[in-house]
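Asker: Output the structure for:
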Amino acid sequence: MQTETDQLSLTFAALADPTRRAILARLARGEATVTELAAPFDMSLPAISKHLKVLQRAGLIEQGRQAQWRPCRLKPERLRDVADWVGEYRRHWEVSFDRLDDYLRELQTGETNDDDRNR
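Answerer: This next block holds a predicted model:
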């Protein structure tokens with residue numbers, strides 16, 4: 001369990017940065033070189049490379065090798081792990097939201113009844 005938690009920590013830390021999330025969104029459309037990934041950002045290639053290293057360490061991407069090119073590709077397994085982890089709490093959230101909906105309906109009904117009585 002500790003290893004899973006550590007991996008989740010790495011993954012969440014990698015996902016915490018908007019640049020890295022944008023890189024992942026681009027890679028979801030297909031492989032890209034570092035230069036292609038850097039194009040939309042106002043930062044140096046070394047800065048983009050640091051972001052890529054964080055994503056690699058978290059297991060979210062991998063870099064291949066094709067001649068002098070090192071295309072990056074998304075590794076969706078870690079994202080699936082995050083989705084599974086979050087999914088464990090989904091039932092709790094749904095129950096909590098259902099209770100909140102019920103409570104709000106009660107408040108609205110009570111206000112309507114109070115308004116009718118005050119007329």
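
Asker: The most centrally placed residue in the chain: what's its closest spatial neighbour, skipping adjacent residues?
Answerer: Taking C-alpha atoms, centre = their mean, the centroid of the chain lies closest to Leu15, which sits 5.7 Å from it. Ranked by C-beta to C-beta, 6 or more residues apart in numbering and with sequence neighbours excluded, the top spatial neighbour of Leu15 is Arg21, at 6.1 Å. From N, CA and C alone the C-beta is placed, and that goes for glycine too.

Asker: Ramachandran angles for that neighbour?
Answerer: In terms of degrees, to the nearest 10, the main-chain angles of Arg21 are phi -60, psi -40.

Asker: Give me the neighbour count for Leu52.
Answerer: Neighbouring residues of Leu52 were enumerated by other C-beta atoms under 10 Å; the total is 22.

Asker: try Arg20
Answerer: By other C-beta under 10 Å, 19 other residues sit near Arg20.

Asker: Hmm, Arg57 and it touching each other?
Answerer: No: with contact taken as C-beta atoms under 8 Å, Arg20 and Arg57 are classed as non-touching, separated by 11.2 Å.

Asker: Map the structural domains onto the sequence of the protein.
Answerer: The chain breaks down into these structural domains: 2-75, 87-119 (assignment by automatic domain parsing).

Asker: need the least confident one among the ones you listed, by mean pLDDT.
Answerer: Ranked by mean pLDDT, those end with domain 87-119 at the bottom, a mean of 80.

Asker: Quick check: which helices or strands does the longest helix out of those in the chain pack against?
Answerer: Of all the segments of type helix in the chain, defined by DSSP state H, the longest one is helix 77-118. Taking 3 or more C-beta pairs under 8 Å, 6 or more residues apart in numbering; DSSP states H and E as contact, the helices and strands that helix 77-118 lies on are helix 2-15.

Asker: Next, the angle helix 77-118 makes with the helix it packs on.
Answerer: Taking axes from the mean of the first three to the mean of the last three C-alpha atoms, to 10 degrees, one finds that helix 2-15 is oriented at 80 degrees with respect to helix 77-118.
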